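A.B. asks: Sequence plus the predicted model coming up.
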Amino acid sequence: MAIQACRGLNYLHSCRPPILHRDLKSLNLLVSEDFTIKVSDFGLSKILECETLANSKLGTLNWLPPEVIRGEAYTFSSDIYSYGMILYEILTHKVPYEDYSQIDVIRLIDTNERPELPAGTHPEFAVLVKDCWADSASARPSFQVILIRLKQILSGLESQYVDSNLPLKLLKDSLPPQ
């Protein structure tokens, strides 16, 4: 699911001119019966005509990147931060900052405090999520880089469990052909 969502978002960012989603959250990723993921809700999306967009506070608070909370421009990297929150949701089945008030969420994001990843999280996946959450927008990877890293993590899991009965084939079969 993470790979499919990443592919869809990479496509949007690769369009000419590029499209920024600006309200990326799990509720805007639709899942079909065969577990195909479709990016949806383009109500706040913008076609990027220059390198950055002037910004008002937009999107949904628990997924908002720190630069948007600070009133700075919304860029490609802003969608990356929100995608990192989606990876957190996939991992934990929890909404980011779900137990905090809105003012506390703003403070936590602005002071670079991110949700805690569960113990036992695959180390490379944990690093990827944290890279997406970087406070500095310029330090975040692109969707193209994220896609490569996700595929490497999946490939490593497949080779690690090749001799076990772990049904990774089911996971692989649920992904669309490349």
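C.D. replies: Nice, I can see it.
A.B. asks: Low-confidence ranges, the chain, go.
C.D. replies: Scanning the chain for pLDDT under 70 picks out the ranges 42-58, 158-178.
A.B. asks: Nearest the middle, which residue of it would you pick?
C.D. replies: Y83 (1.3 Å; CA atoms, centre = their mean).
A.B. asks: and after the helix or strand containing it, which helix or strand comes next?
C.D. replies: Using DSSP states H and E, Y83 sits within helix 76-92. Using DSSP H and E, the helix or strand that follows helix 76-92 in sequence is helix 102-110.
A.B. asks: In the chain, what residue spans correspond to helices?
C.D. replies: Along the chain, the segments classed as helices by DSSP state H run 2-14, 66-69, 76-92, 102-110, 123-132, 143-160, 168-174.
A.B. asks: packing partners for the second one?
C.D. replies: For helix 66-69, the contact count by 3 or more CB pairs under 8 Å, 6 or more residues apart in numbering; DSSP states H and E identifies helix 76-92, helix 102-110 as packing neighbours. To be clear about C-beta, it is placed using only N, CA and C from the backbone, and glycine gets the same treatment.
A.B. asks: Give me the residues contacting that helix.
C.D. replies: Contact with helix 66-69 is made by 55, 57-59, 73-75, 77-78, 81, 106, 109-110, 112, 135, 137, as judged by CB atoms under 8 Å, 6 or more residues apart in numbering.
A.B. asks: ok, of these, which come out buried?
C.D. replies: Buried by 16 or more other CB atoms under 10 Å: 55, 59, 74-75, 77-78, 81, 106, 109, 137, out of these.
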